[in-house]
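>>> Kindly return the folded structure for what I paste below:
(chains A and B)
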Amino acid sequence: MDLDFSSVQSALVDSLHSLLSRHAGPARARHVLANGQCDRDLMAALAAAGFLDLATSNGAGPLEAELVVEEAARTAGVAPIGVRSLVAPWLIGQPVPQIVAICEAAEAGPVRFAAAAELIIVLDGDATGMLWPEPGEIAPVESPYGAAMGYLPDRPAEPLAHGRAETARAWWRVAIAAEIAGRLTAALDLTVRYAKERTQFGQPIGSFQAVQHRLAQLYVAVQQSTWLARVAAWSGDAELAAAAAAFSSDTARWGSVELHQLTGAIGFTEEYDLNLWTMPLQALRVELGGLGCHSRALVAARWANPVETAR
Amino acid sequence: MHPRGARQTRDVRRKAALVEFGWSTAEAEYRAAIREFVESELAANQSNVGISGVASRRSVGRSFEFAAKLAERGWLTPHWPAEYGGSDATAWEHIILGEEMWSRGEPRGPQYMNVNWIGPAIMAAGTAEQKEYHLKRISAGDVIWCQGFSEPDAGSDLASLNTTAVRDGEEYVVNGQKIWTSYANSAEYCFLLVRTDTKAEKHHGISILLTPTATPGLEIRDIRGIVGEHAFHHLYFTDMRVSVSCRLGPENEGWAVVRRALSYERVGSPRYARAAFMLDEIARWAHAHGKLTDPAVAERLVLAKARCEAARLLAYCVIDDRNKQRPPGPNAYVARVAMVQADRAVGELALDIMGSEGLAANSLADEQFRSALPAGVAAGTLEVQLNLVSRAVLGLPRS
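From the prediction side, this is the model:
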């Protein structure tokens, strides 16, 4: 057990930071959100540097892929990095297209990044399918939760294989948890800075204990989300993946509201960065059926079996 | 680290020396050996859970027998240095031992406190005589201690304590009160904080007296409560005379010793391990009673499970620091908050899920509810931990 970044990992994160400082960040996110809502340049830059293939590469693994998702989410990246780097590699052979979306066939709503995707992975019960959208086939759906959303075309997906849907769902949950953790981390950093700077009643609002305790509880929750996502990625364990996704979805629910409440009216404006993290959090927390579905998955795996479960 | 972690990624991961959540073979074997021992010892009683709390007469009585057996195997003080009878076990082995004990209701009873911080405090600050006498007894598992910390007017603001000890030749004369003292009825010694300088700044006038509880002038009264038998006592000191040779560390500088001891205590007892054990028991009950299909039940169970796992990971961050010989840092405050939340989450859902069946004394729900209720108060309140996170981690200003 060693919970520090190693020199290899630190180097990876440093070089990732350097790339993200050039290709992501709030200004870039605003531009992308106004222009297609999927950052193909960011995906291309990450791909060129090898950051999208860490999960299955020598010298790295799913934990490193998870860190990429976390870091990109912190810099408000608008791209389906988690699906591409944490889910697709377990399902389809190389080369994996850069823009990959994923959805449950049973979900009726718009799918994140479907309108920009080269490939959509469709999960339908135990079956996994691939759907290759024609150019212009999927119209972008207007959504304030911004991520090139679109409806799944009404045509059958090409069967991929049977029995891999649960694997896909487990890794999808890791990707959701990682992105939520990264977005919450950045949103909390911003809000803590705001609480130190914003003065009311002659003192920074961050000096009031009623504010401090809420920020402290957010910090603990963000740490919990982060470490759950990391251990889920490291282990590849479906139960931990469901626990991580359930916890981070729930934290995104109350955490976003708290962050906005603590920031006050400025937080509702487009010019202020908070919404770049909090609005996508709403889409993430309902993805794959949200808390209810993550919960059913974990309960079924851990406790619903009549055989005595391990501790 | 997870018993059912998928192995498919492990070979890939091994090549990169990154954050490493895995246990070594030696650590895994250590855990398995302890678990096997605990299960065989507790087989007749299922677990220590369900016997009216860790401070109950039965639990304390049984702890002597259990701790003596642990001592024989070198598992009572394995984390102590060899010169004090330990085997220099790593911080990881220490938390493994703690998890295995706590998940089964802490059969060491009050002695976990002796081995976790009272012994180490004596090692750090004790005289040769104090070490020789007390460390031998603690490591043999044949003594119970209580901690004379809280007073009626000194709770979270512990340093404002005003039980006084006035030097009179080779003795101190102690007057005052301590309250909420667990195990005082069965303890032979009290790790007693007293004020030896009433004029100094509050943190600088405190001394520690390793006080025999049989000392004349000490009266112990039971406080009946709702969180378990003998959980609380009230100690009254009336001209109690304690030899100066009982003082631990320099006069007036006891706070530093206590601070150090408490920094370890925040994650000394891995409550999440017990909460996770109870959660599985409650989920099995829910399954057997057809309640697992209720989505509300499922959500509560799963979020509680996530809280237990998250608390474990945050505790591991502290253990990682400790294992690398870093000074205790703010990770401990964060871990403590997470542990309290995990314990409470299980405590709260237990009664909701079991309903009226949980109301019978010593039911699963009753045990967990009453065990979790004081989690945010004992060993420093949740609010104090949140203050510390605000300042030490987030850098928020004082008002």
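
>>> can you give me the helices for the stretch 51-200 of chain A?
Using DSSP state H, counting those that start in this stretch, the helices of the stretch 51-200 of chain A run over residues A:62-74, A:81-82, A:165-197.

>>> Mind telling me which residue of the stretch 101-250 of chain B is nearest chain A?
Using CB to the nearest CB, the single residue of the stretch 101-250 of chain B nearest to chain A is B:Ser103, 7.1 Å away. The way it works is simple: take the backbone N, C-alpha and C, and place the C-beta from them, glycine included.

>>> For that residue, what are phi and psi?
phi -70, psi -20 (degrees, to the nearest 10).

>>> B:Asp280 is in contact with that one, correct?
No: counting by CB atoms under 8 Å, B:Asp280 is not a contact partner of B:Ser103; they are 9.6 Å apart.

>>> which parts of the stretch 1-150 of chain A sit against chain B?
When proximity is defined as CB under 8 Å from any CB of the partner chain, the stretch 1-150 of chain A approaches chain B at A:1-9, A:55-64.

>>> residues in contact with stretch B:247-266?
Contacts to stretch B:247-266, defined as CB atoms under 8 Å, 6 or more residues apart in numbering or on different chains, come from residues B:116-118, B:120-122, B:124-126, B:130, B:149, B:159, B:172, B:191, B:193, B:196-197, B:200, B:203-210, B:318, B:322, B:328, B:332-333, B:335-336, B:379-380, B:385.

>>> same check, this time on stretch B:374-385
For stretch B:374-385, contacts defined as CB under 8 Å, 6+ apart pick out A:213, B:155-156, B:227, B:231, B:262, B:265-266, B:268-269, B:271, B:333, B:336-337, B:339-340, B:343-344, B:347.

>>> could you flag which of those residues are buried?
Burial by neighbour count, 16 or more other CB atoms under 10 Å in any protein chain shown: within the contacts of stretch B:374-385 this picks out A:213, B:155, B:227, B:231, B:262, B:265-266, B:268-269, B:271, B:333, B:336-337, B:339-340, B:343-344, B:347.

>>> and the residues of the stretch 1-150 of chain A next to chain B, which are buried?
The neighbour-count test (16+ other CB under 10 Å) marks A:1-3, A:5, A:9, A:55-57, A:60-64 as buried among the residues of the stretch 1-150 of chain A next to chain B.

>>> Could you report the pLDDT at the spatially closest residue to A:Val231 that is not a sequence neighbour?
Nearest residue to A:Val231 in three dimensions, chain neighbours excluded: B:Phe21, at 5.4 Å (CB to CB, 6 or more residues apart in numbering or on different chains). Note for B:Phe21: predicted pLDDT of 87.

>>> tally of neighbours for B:Phe21?
21 (other CB atoms under 10 Å in any protein chain shown).

>>> residue boundaries of the strands in the chain?
As the question left the chain open, I've gone with chain A. Counting by DSSP state E, chain A has strands at residues A:100-104, A:119-124, A:127-131, A:158-162, A:199-200, A:203-204.

>>> think we crossed wires, I meant chain B
Under DSSP E, chain B gives strands at B:145-148, B:164-168, B:171-179, B:189-195, B:206-212, B:218-223, B:232-243, B:247-248.

>>> what's the longest helix in chain B?
Counting residues, the longest helix found in chain B (DSSP state H) is helix B:295-323.

>>> Check which helices and strands it sits against.
helix A:209-235, helix A:238-263, helix A:290-302, helix B:91-102, helix B:271-288, helix B:331-354 (3 or more CB pairs under 8 Å, 6 or more residues apart in numbering or on different chains; DSSP states H and E).

>>> Which secondary structure elements does the first one sit against?
Looking back up the chat, that one is helix A:209-235. Counting by 3+ CB pairs under 8 Å, 6+ apart, helix A:209-235 packs on helix A:62-74, helix A:165-197, helix A:238-263, helix B:295-323, helix B:331-354, helix B:382-388.

>>> got it, and the third one?
With contacts defined as 3+ CB pairs under 8 Å, 6+ apart, the secondary structure elements packing on helix A:290-302 are helix A:165-197, helix A:238-263, helix B:295-323.

>>> Now for the chain, the helix or strand with the poorest mean pLDDT.
In the absence of a named chain, this looks at chain A. For chain A, the helix or strand with the lowest mean confidence is strand A:158-162, at a mean of 78 (criterion: mean pLDDT, DSSP states H and E).

>>> other chain: chain B
When each helix and strand of chain B is scored by mean pLDDT, DSSP H and E, helix B:10-14 comes last, with a mean of 35.

>>> Nearest the middle, which residue of chain B would you pick?
Computing the C-alpha centroid of chain B and ranking residues by CA atoms, centre = their mean puts B:Ser269 first, at 3.7 Å.

>>> can you check chain A too?
Nearest residue to the geometric centre of chain A (CA atoms, centre = their mean): A:Glu179, 2.5 Å.

>>> which residues touch residue 39?
You didn't say which chain, so I picked chain A. A:Asp39 sits in contact with A:23-24, A:28-29, A:32, A:77-79, where contact means CB under 8 Å, 6+ apart.

>>> um, chain B though
By CB under 8 Å, 6+ apart, B:Glu39 lies in contact with B:Arg104.

>>> okay, it: pLDDT?
For B:Glu39, the pLDDT comes out at 88.

>>> separation between the residue in chain A sticking out farthest from the centre and A:Gln282?
Most distant from the centre of chain A: A:Gly202, at 38.9 Å, with distances by CA atoms, centre = their mean. Computed as CB to CB, to the nearest Å, the A:Gly202 to A:Gln282 distance reads 36 Å.

>>> now swap in A:Leu91 and tell me
Counting by CB to CB - A:Leu91 and A:Gln282 are separated by 27 Å.

>>> Please apply the same query to A:Leu160.
29 Å.

>>> Near A:Glu66, how many other residues are there?
When neighbours are counted by other CB under 10 Å, A:Glu66 registers 32.

>>> Same check on B:Arg221?
Counted with other CB under 10 Å, the neighbours of B:Arg221 add up to 12.

>>> I figured it was touching B:His234, is that so?
Yes: using CB under 8 Å, B:Arg221 is in contact with B:His234, at 4.7 Å.

>>> Just list the residues touching the closest residue to B:Gly109 other than its chain neighbours, thanks.
Using CB to CB, 6+ apart and skipping residues adjacent in sequence, the residue nearest B:Gly109 is B:Ser63, 2.9 Å away. With contact taken as CB under 8 Å, 6+ apart, B:Ser63 is in contact with B:107-111, B:144.

>>> any low-confidence regions in the stretch 101-250 of chain B?
Low-confidence segments of the stretch 101-250 of chain B, defined by pLDDT under 70: B:230.
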